[in-house]
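Q: Structure of the sequence below:
(one chain, ligands or ions: 1)
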Amino acid sequence: MTPRHVIIIGSGPAGLTAAIYAARANLAPLVIEGEPSSTSDQPGGQLMLTTEVENYPGFPAGIMGPELMVNFREQALRFGAEFLTAKATAIDFSERPFKVLVRDHLYESDSIIVSTGAQSLMLGLVAEQHLLGHGLSTCATCDGFFFRGQEIAVVGGGDSAIEEASFLTKFASKVTLVHRRDQLRASKIMQDRALHNPKIEMRWNATVTELHGTEKLTGATLRDVNTGEESLLPVTGLFVAIGHRPNTDLFKGILDMDENGYLITRPNSTYTNIDGVFACGDVQDHTYRQAITAAGSGCMAAIDVERWLEAAPTVGER
Ligand code: NAP
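A: Predicted structure coming up:
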């Protein structure tokens, strides 16, 4: 079988934007979009787990996250992108054409775009699933605006938690920062920022053991890790900021990663350490993590692929 021009692994804003651009460049991309049952590989990525998205340009009245991703997908389909609703289980990038195993079938491609995204670490509480997007959030930049004048909480003690808590004080009347130890992990300067902010109250040595509310979050049960004593924290918003994990297990030992597992791309490009393999979106970005920045880097990846295919000596003639 003739290898594809490009296979795109992952179908969040980055992968689908890459698919739109690659399809319009006549590269007939194959998108391996993931599996609906999975939390890390669901088609559409993290926006499938959100409700209203108010900061994606072009939608002045806002749009639901899943609807936005359906629109992205339809746009890619319209230009001829093909989709496989399954996840890649193995890859071989040791020589070209590159190989990607999906179920029992081996797909070959001259180039690859990796856009497998990242996932927010969660607390592991049962109610998280139905309250996500209904008071429970993993992104202050995205959802802070919905909590104007309300009392909310942030869980975590690292830089992300402090950054989110500080940002949220612009909207909330009070932010309780819940941390499981009596010392923050965050850098000193960030700590000072939180500890001196009159709107932030610290709850040291506490974990969240239960979330309350059926349709919307109404509060959380906190347990003191030293005494075991439980108390109710009545909040309408709770932001989980205990870290993220890039979905890069498949590429370990093959693609260069930083110490946290994020793929490393060459500055101002989407090139990875393997010629012909490109990466875009949250899988290579732990700084911005926005749908719009992911989409932008997906566009970059498709343009990089197009130019690389034109210049690549072994594939140019096909
Ligand atoms: P992080 O540094 O790994 O911190 C995660 C925090 O969540 C820790 O305080 C940890 O507690 C807590 N935690 C982990 N699992 C938990 C659980 N199950 N229940 C309750 N608490 C839990 O992650 P991050 O804050 O996302 O930062 C990731 C990296 O990005 C770091 O290198 C950070 O410096 C960087 N970053 C930098 C900035 C900035 O400079 N502006 C902003 C954001 C992130 P323990 O402390 O007890 O382990």
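Q: tally of neighbours for the closest residue to the ligand within the stretch 151-300 of the chain?
A: Closest residue of the stretch 151-300 of the chain to the ligand, Cβ to the nearest ligand atom: G158 (2.4 Å). C-betas here are computed from N, CA, C, even on glycine. For G158, the count of nearby residues is 16 (other Cβ atoms under 10 Å).
Q: chain center to the helix or strand V305 falls within, what's the gap?
A: Counting by DSSP states H and E, the element that carries V305 is helix 291-311. Relative to its chain's centre, helix 291-311 lies at 18 Å (Cα atoms, centre = their mean, to the nearest Å).
Q: just stretch 176-185 next, same as before
A: 24 Å.
Q: Repeat that for stretch 62-82.
A: Mean C-alpha position of stretch 62-82 versus that of the full chain (Cα atoms, centre = their mean) differs by 17 Å.
Q: May I see the buried residues of that stretch?
A: 63-66, 68-69, 72-73, 75-77, 79, 81 (16 or more other Cβ atoms under 10 Å).
Q: next one: stretch 88-105
A: A88, I91, F93, R96, P97, F98, K99, V100, V102.
Q: which of those are the two that sit furthest away from each other?
A: Among these, the pair separated by the greatest distance (Cβ to Cβ) is R96 and V102, at 18.5 Å.
Q: coming back round to it: what mean pLDDT does the helix holding V305 have?
A: Helix 291-311 shows a mean pLDDT of 97.
Q: Check which residues of that helix are buried.
A: Neighbour counts over helix 291-311 (16+ other Cβ under 10 Å) mark 291, 293-306, 308-309 as buried.
Q: what's the answer for stretch 26-34, then?
A: In stretch 26-34, the ones that count as buried by 16+ other Cβ under 10 Å are L27, P29, L30, V31, I32, E33, G34.
Q: right, and the helix or strand after the helix or strand of the chain with the lowest mean pLDDT?
A: Using mean pLDDT, DSSP states H and E, strand 52-53 stands out as the lowest-scoring helix or strand of the chain, at a mean of 84. Later in the chain than strand 52-53, the nearest helix or strand by DSSP H and E is strand 63-64.
Q: Note down every partner strand of that following strand and its orientation.
A: Applying DSSP bridges, strand 63-64 is found paired with strand 52-53 (antiparallel).
Q: ok now the partner strand, how far from the chain's centre?
A: For strand 52-53, the distance to the chain centre is 15 Å (Cα atoms, centre = their mean).
Q: what's it in contact with?
A: L47, F59, G62, I63, M64, G65, L68, G133, C142, F146, A291 (Cβ atoms under 8 Å, 6 or more residues apart in numbering).
Q: 10 Å - rerun?
A: Residues outside strand 52-53 that contact it (Cβ atoms under 10 Å, 6 or more residues apart in numbering) are 47, 59, 61-69, 133, 142-143, 145-146, 291-292.
Q: List the contacts of I152.
A: Shown in contact with I152 (Cβ under 10 Å, 6+ apart): 135, 137, 140, 143-144, 146, 165, 168-169, 171-176, 217, 233, 235-239.
Q: Give me the buried entries from these.
A: 135, 137, 140, 143-144, 146, 165, 168-169, 171-172, 174-176, 217, 233, 235-239.
Q: Among the residues you listed, which ones are in helices?
A: When those are checked against helices (DSSP state H), the matches are A140, D143, A165, L168.
Q: State the number of residues packed around the residue of the stretch 1-150 of the chain found nearest the ligand.
A: In the stretch 1-150 of the chain, no residue comes nearer to the ligand than L123, which is 5.7 Å away by Cβ to the nearest ligand atom. Neighbourhood size, L123 [other Cβ under 10 Å]: 16.
Q: Wait, a strand at it?
A: No - under DSSP: H, G, I helix; E, B strand; the rest coil, L123 sits outside any strand and is assigned coil.
Q: That one and T227, how far apart?
A: Distance, L123 to T227, by Cβ to Cβ, to the nearest Å: 20 Å.
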